[in-house]
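Asks: Following is a predicted model, sequence given first.
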Amino acid sequence: WSVHPFSGEVRDGYVWGRGAVDMKGAVAIMLAVARRLRREGAIPPRDLIFAFVADEEAGGWHGARWLVDNRPDLFEGATEAIGEVGGFSVTLGSATGGEDVRAYLVQTAEKGSMWLRLAARGRGGHGSMLHDGNAIATLAAAVARLDVHRFPLVLTEPIRALLTGIADITGIPFDEADPQSAVDRLGPLARLIGAALRDTANVTLFDAGYRSNVVPVTAHATVDGRFLPGREEAFGRELVEVLGPGVRAAWDTLPPVRTDVDGALMAAIAAAIEAEDPGARVLPYLLAAGTDAKSFQRLGIRHLGFTPLRLPPELDFSALFHGVDERVPVAALEFGTRVLDRLLRTC
């Protein structure tokens, strides 16, 4: 790190530190707007609930999910929500050859989450002996197969709408039969959008053994799986097939989220962006990760990912999530505060 990860240092026009992007910056924007509304005595058109919750990174079991299960009364009457990982800008070349166009990506869907706990069992014993069925080797081979496996490409409606919108802005045709080629042209954004074209499964933890000269009886691993809407059953079957015999798998799941792009809230978002950044476009997209929308949708609350940030074109924004030197431009936070304030006073 260039700064201490928990310093919150302001340098070179950025706020630096772990969580600056995900998602302390969003919290700062919301708090600034809430403070301004309170200070001015402004009465918004509808009631607003500011919900600051813990544990989203681990599924929200002690945060949003707990609230939905135990205190749904706190959200009585709520019909729509806006949250994280949407509203950031990407800069695109114009089809007319004029000035570049900023597009703001609003999250209208997100993948489901599946956290797998894998285990393999073999014969333990002294490390100097001949051994068949080593638990570590069995499990390592399984996760290696999973690492190179590619799940089928699926073009969801939010990604189709995103790529169609980008093609309209840039003038570069989008072939629905080959969406990967269109994604590959997006530069750093390709990493974020490419993960929304297919299911993914990445091993994140591996635990086995306790001494250098002892072959253990068991080995364990954890896999972070993400599946597209409508793919949960097929994803589970495919995982088991790839892992193969000798590996036990158990998992917890959280559902995908899908929201219609039509309606007054989406129109109000577009209007708020246009007022602060004339000529900009608003496009939907599907998030490859997950948010607390998974919990709040159980209450029938429609969700859009919208934390407005006007970003410099050279910033690789998606690489900053959980990354080294995570940071967010101060000007982007100020822009987001203006847009969110305008949105909440008008929608």
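Replies: Ah, there it is.

Asks: alpha carbons only for contacts and neighbour counts from here, please
Replies: Will do.

Asks: Tell me which other helices or strands the host helix or strand of L105 touches.
Replies: Assigned by DSSP states H and E, L105 falls within strand 101-110. Other elements packing on strand 101-110 under the criterion 3 or more C-alpha pairs under 8 Å, 6 or more residues apart in numbering; DSSP states H and E are strand 88-92, helix 157-170, strand 257-258, strand 281-287, strand 302-305.

Asks: For N70, which of the ones you listed is the nearest?
Replies: Closest approach to N70 among the helices and strands packed on strand 101-110 (C-alpha to C-alpha): strand 302-305, 19.8 Å.

Asks: The helix or strand following the closest one packs against which elements?
Replies: Sequence-wise, the next helix or strand downstream of strand 302-305 (DSSP H and E) is strand 327-329. Identification of packing neighbours for strand 327-329 by 3+ C-alpha pairs under 8 Å, 6+ apart yields strand 14-16.

Asks: and the strand it packs on, how far out from the chain's middle?
Replies: Centroid separation for strand 14-16 versus its chain: 21 Å, with C-alpha atoms, centre = their mean, to the nearest Å.

Asks: Pairing partners for it, with directions?
Replies: Paired neighbours of strand 14-16 in the sheet (DSSP bridges): strand 10-11 (antiparallel), strand 327-329 (antiparallel).

Asks: Name the stretch among these that sits most buried.
Replies: strand 327-329 (a mean of 25; mean count of other C-alpha atoms under 10 Å).

Asks: contact partners of that strand?
Replies: Strand 327-329 is touched from outside by 13-18, 20-21, 25, 311, 320, with contacts defined as C-alpha atoms under 8 Å, 6 or more residues apart in numbering.

Asks: who's in contact with whichever strand or helix holds S113?
Replies: Using DSSP H and E, S113 maps to strand 112-121. With C-alpha under 8 Å, 6+ apart as the test, strand 112-121 has contacts from 134-136, 138-139, 217-229, 232, 246-257, 289-290.

Asks: Can I have the buried ones of those as a ChimeraX selection?
Replies: To isolate the buried subset of the contacts of strand 112-121 in ChimeraX, counting by 16 or more other C-alpha atoms under 10 Å, use the following:
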select :134,135,136,138,139,217,218,219,220,221,222,223,224,225,226,227,228,229,232,247,248,249,254,255,256,257,289,290
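
Asks: now, which of the contacts of strand 112-121 lie within strands?
Replies: Of the positions in the contacts of strand 112-121, 218-227, 247-254, 257 sit in strands, assigned by DSSP state E.

Asks: any idea of the mean pLDDT in stretch 94-108?
Replies: On average, the pLDDT along stretch 94-108 is 90.

Asks: how about the strands paired with strand 14-16, which one is nearest A267?
Replies: strand 327-329 (26.3 Å).

Asks: send the alpha carbons of the helix or strand that comes right after that closest one over as PDB?
Replies: Once strand 327-329 ends, the next helix or strand along the chain (criterion: DSSP H and E) is helix 330-346. Written as PDB, here are the backbone C-alpha positions of helix 330-346 (Å, rounded to 0.1, in the frame of the first residue of the first chain):
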ATOM      1  CA  VAL A 330     -12.900  13.400  -3.700                       C
ATOM      2  CA  ALA A 331     -14.500  15.100  -6.700                       C
ATOM      3  CA  ALA A 332     -16.500  11.900  -7.400                       C
ATOM      4  CA  LEU A 333     -17.900  11.900  -3.900                       C
ATOM      5  CA  GLU A 334     -18.900  15.500  -4.200                       C
ATOM      6  CA  PHE A 335     -20.600  14.700  -7.500                       C
ATOM      7  CA  GLY A 336     -22.300  11.700  -6.000                       C
ATOM      8  CA  THR A 337     -23.600  13.800  -3.100                       C
ATOM      9  CA  ARG A 338     -25.100  16.400  -5.500                       C
ATOM     10  CA  VAL A 339     -26.800  13.700  -7.700                       C
ATOM     11  CA  LEU A 340     -28.200  11.700  -4.800                       C
ATOM     12  CA  ASP A 341     -29.500  14.900  -3.100                       C
ATOM     13  CA  ARG A 342     -31.200  15.900  -6.300                       C
ATOM     14  CA  LEU A 343     -32.600  12.400  -6.800                       C
ATOM     15  CA  LEU A 344     -34.100  12.100  -3.300                       C
ATOM     16  CA  ARG A 345     -35.700  15.500  -3.500                       C
ATOM     17  CA  THR A 346     -37.500  14.700  -6.700                       C
END
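
Asks: This completes my enquiry, with thanks.
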